[in-house]
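**Q** here are the coordinates; sequence isn't available:
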């Protein structure tokens with residue numbers, strides 16, 4: 001990969017990190033949403049579960065993205081790799 005690709009990857013991680021947290025939290029509370037719609041679970045309970053899921057998903061996504069960001073930054077700062085014929089054509 002080229003250094004530019006790593007910098008693009010870093011930007012994508014920063015851009016999609018909040019979206020990943022929200023999607024993961026919604027996936028975690030999906031059964032609670034169904035239960036609220038069918039069995040009358042309190043909306044307050046679902047909201048509390050959503051807040052807990054956001055905290056858990058936020059910590060999980062933050063840790064995983066920190067590892068990915070460290071790897072990408074290390075690779076982007078390393079000396080340039082020798083260009084191959086495939087890189088020249090791209």
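**A** Sure thing, it's come through. All values derive from a computational prediction rather than experimental measurement.
**Q** Mean pLDDT per helix and strand in this protein: which one sits at the bottom?
**A** Every helix and strand in the chain was compared by mean pLDDT, DSSP states H and E; the lowest is helix 85-89, with a mean of 58.
**Q** And the biggest helix by length in the chain, what does it pack against?
**A** Counting residues, the longest helix in the chain under DSSP state H turns out to be helix 3-39. The contact analysis (3 or more Cβ pairs under 8 Å, 6 or more residues apart in numbering; DSSP states H and E) places helix 3-39 against helix 43-77. Backbone N, C-alpha and C define where each C-beta goes, glycine included.
**Q** Any regions of this structure where pLDDT drops low?
**A** 79-90 (pLDDT under 70).
**Q** How many neighbouring residues does the closest residue to residue 33 other than its chain neighbours have?
**A** Nearest residue to residue 33, sequence neighbours excluded (Cβ to Cβ, 6 or more residues apart in numbering): residue 46, at 6.4 Å. The number of residues packed near residue 46 is 16, by other Cβ atoms under 10 Å.
**Q** Enumerate the positions of the longest helix of the chain that are buried.
**A** Buried residues in helix 3-39, counted by 16 or more other Cβ atoms under 10 Å: 6, 9-10, 13, 17, 20-21, 24-25, 28-29, 32, 36.
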